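Engineer: Just a sequence and a predicted model for now, questions to come.
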Amino acid sequence: MARRAAIHKNNQYRVSMMLAALVVLMLMVVVAIGSISMNNKLESYTQREANLIEQIAVEHERAQEIENQEKYTHTMKFIEEIARKRLGLVYEGEIIFRQGN
């Protein structure tokens, strides 16, 4: 009878160890799947970050162009250009030559 109890205990120990190993294996699978998912997200976010950095650089260039255009619109050269082209104004004493149609 003692031998039977020892065998029963030994079998319970093996079953317990197998269950523990199974749980550990399942946890490893879940962690591996999570790790793959996180790596995919990281790659996606890295690509998105690179795109956003590129967009920021383009927008900085555009902002610089707008700033330069604004500075130009405050110059006398720009004012004179607009007055001549759009308003048809000329300096006093200036002669205008036009081609006839």
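Structural biologist: That came in fine, so what should we check first?

Engineer: Quick one: distance of the longest helix along the chain to the chain centre.
Structural biologist: When the chain is parsed with DSSP state H, its longest helix is helix 2-73. Mean C-alpha position of helix 2-73 versus that of the full chain (C-alpha atoms, centre = their mean, to the nearest Å) differs by 18 Å.

Engineer: And that helix, what does it pack against?
Structural biologist: For helix 2-73, there is no helix or strand it packs on, judged by 3 or more C-beta pairs under 8 Å, 6 or more residues apart in numbering; DSSP states H and E. Every residue, glycine included, has its C-beta placed from N, CA and C.

Engineer: average pLDDT for that helix?
Structural biologist: What helix 2-73 shows for mean pLDDT is 93.

Engineer: Please state the offset of whichever helix or strand comes after it from the chain centre?
Structural biologist: Elements were assigned by DSSP states H and E; along the chain past helix 2-73, the next helix or strand is helix 76-85. What separates the centre of helix 76-85 from the centre of its chain is 43 Å, taken as C-alpha atoms, centre = their mean.
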